[in-house]
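Chemist: Need the 3D shape of this:
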Amino acid sequence: MNIIVTGGAGFIGSHVVDKLIEHRHNVMVIDNLSFGKMENINPSAEFVKKSILDDLSQEFNSFNPDIIIHHAAQVSLRESIQNPMNDADINILGTINLLEYCKKFDVKKFIYVSSVAVYGEPEKIPIDENHPTKPTAPYGTSKLSAEKYVEMYDRMYGVQHVIFRYSNIYGPRQNEKGEAGVITIFINNLLNGKECKIFGSGEQTRDFVYVEDIANANLLALNKGKGIYVLGTGTEISVNELYNKIKSMLYNKTGKDYPKPIYTECVVGDVMRFAVDSHKAKEELGWQPQMEFDEGLDKTIEWFKKKVVE
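Modeler: Below is the predicted model of the structure:
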């Protein structure tokens, strides 16, 4: 199939591109490189340096895509609070722009990458697709608004859709943006002997899922699924626990001293606890996470160690 991946030079999108090419699909990456990196782009993919807000008529006409996988986004909660207009432009208007091209060029399926940020503070743990959506920051609000447009274009124009609400993704190529960016920040700081900042008490929990597991979910969704799927492991890991795991992997084997973390004020819009129930994805897509957290964290650390050496 011909598949356009927006944000395909980014952390998660580039892993999805690799998985698609591994399975012999033709891939066009559309990315303006505001967060993505050229080094992440699979050499077998066609690359177009454009924004999702740009005129993409030529790309859709020449490539004739069967499916769009839409990863490009403004993903920082803090940035969304500081600049909600930019957040809305990219996450809402950028999505509508792509949907218009799907309608015009008769694209069969639109896979939209949303976030568990649409839920806000959980009323119960773990969260599933039916949990009330009450986002606590502009980022979650923009992602939820875009979801509604995706659903509407399916009803009005027959653009079939899958919506993925990702939990906190981690792995090689990760940057510091988004919720799971804390892993990158901790690893980079500790590798360089710098102090780590922990917001609030550090007892906030998150559901971390390895990036290759997420790439597999995208592959499965090419031929299966419809509607919303929450993706995660169902396991809560606190920020303090995360810090201690990374510290142990980096320092305990060497016997070196390590910088003590600095605790500071909680970020507005942050939630205290989070874990998800991915039962629907297992039943309808045949998906479930394969990577154990400690193993995935070790793979991530080893990748960053190599980058430091380079």
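Chemist: Could you tell me the average pLDDT over stretch 75-84, please?
Modeler: Mean pLDDT, stretch 75-84: 88.
Chemist: all strands of the stretch 101-250 of the chain, in order?
Modeler: Applying DSSP state E, counting those that start in this stretch to the stretch 101-250 of the chain gives strands spanning 109-115, 160-166, 168-170, 197-199, 205-206, 208-210, 227-231, 237-238.
Chemist: Packing partners of the first one?
Modeler: When you say that, I think you mean strand 109-115. Secondary-structure packing of strand 109-115 (3 or more C-beta pairs under 8 Å, 6 or more residues apart in numbering; DSSP states H and E): strand 67-70, helix 94-104, helix 138-157, strand 160-166. Yep, even glycine has a C-beta here, placed from its N, CA and C like the rest.
Chemist: Can you name the next helix or strand after the helix or strand of the chain with the lowest mean pLDDT?
Modeler: Least confident helix or strand, the chain: helix 77-82 with a mean of 87, by mean pLDDT, DSSP states H and E. Using DSSP states H and E, the helix or strand that follows helix 77-82 towards the C-terminus is helix 84-88.
Chemist: which residues make contact with that following helix from outside it?
Modeler: Gln74, Glu79, Ser80, Pro138, Tyr139, Ser142, Ser145 (C-beta atoms under 8 Å, 6 or more residues apart in numbering).
Chemist: Tell me the one of these nearest Phe274?
Modeler: Tyr139 (14.5 Å; C-beta to C-beta).
Chemist: Next up, the contacts around that closest one.
Modeler: By C-beta under 8 Å, 6+ apart, the contact set of Tyr139 is Gln74, Val75, Ser76, Leu77, Glu79, Ser80, Ile81, Asp87, Asn91, Ser115, Ala117, Gly269.
Chemist: which among these end up buried?
Modeler: Gln74, Val75, Ser76, Leu77, Glu79, Ser80, Asp87, Asn91, Ser115, Ala117, Gly269 (16 or more other C-beta atoms under 10 Å).
Chemist: For those, could you give me JSON lines that also reports distance to Ala215?
Modeler: As requested, the buried ones among the contacts of Tyr139 are exported to JSON lines (distance: C-beta to C-beta, whole Å):
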{"residue": "Gln74", "distance to Ala215": "22"}
{"residue": "Val75", "distance to Ala215": "17"}
{"residue": "Ser76", "distance to Ala215": "22"}
{"residue": "Leu77", "distance to Ala215": "23"}
{"residue": "Glu79", "distance to Ala215": "25"}
{"residue": "Ser80", "distance to Ala215": "25"}
{"residue": "Asp87", "distance to Ala215": "25"}
{"residue": "Asn91", "distance to Ala215": "22"}
{"residue": "Ser115", "distance to Ala215": "17"}
{"residue": "Ala117", "distance to Ala215": "21"}
{"residue": "Gly269", "distance to Ala215": "28"}
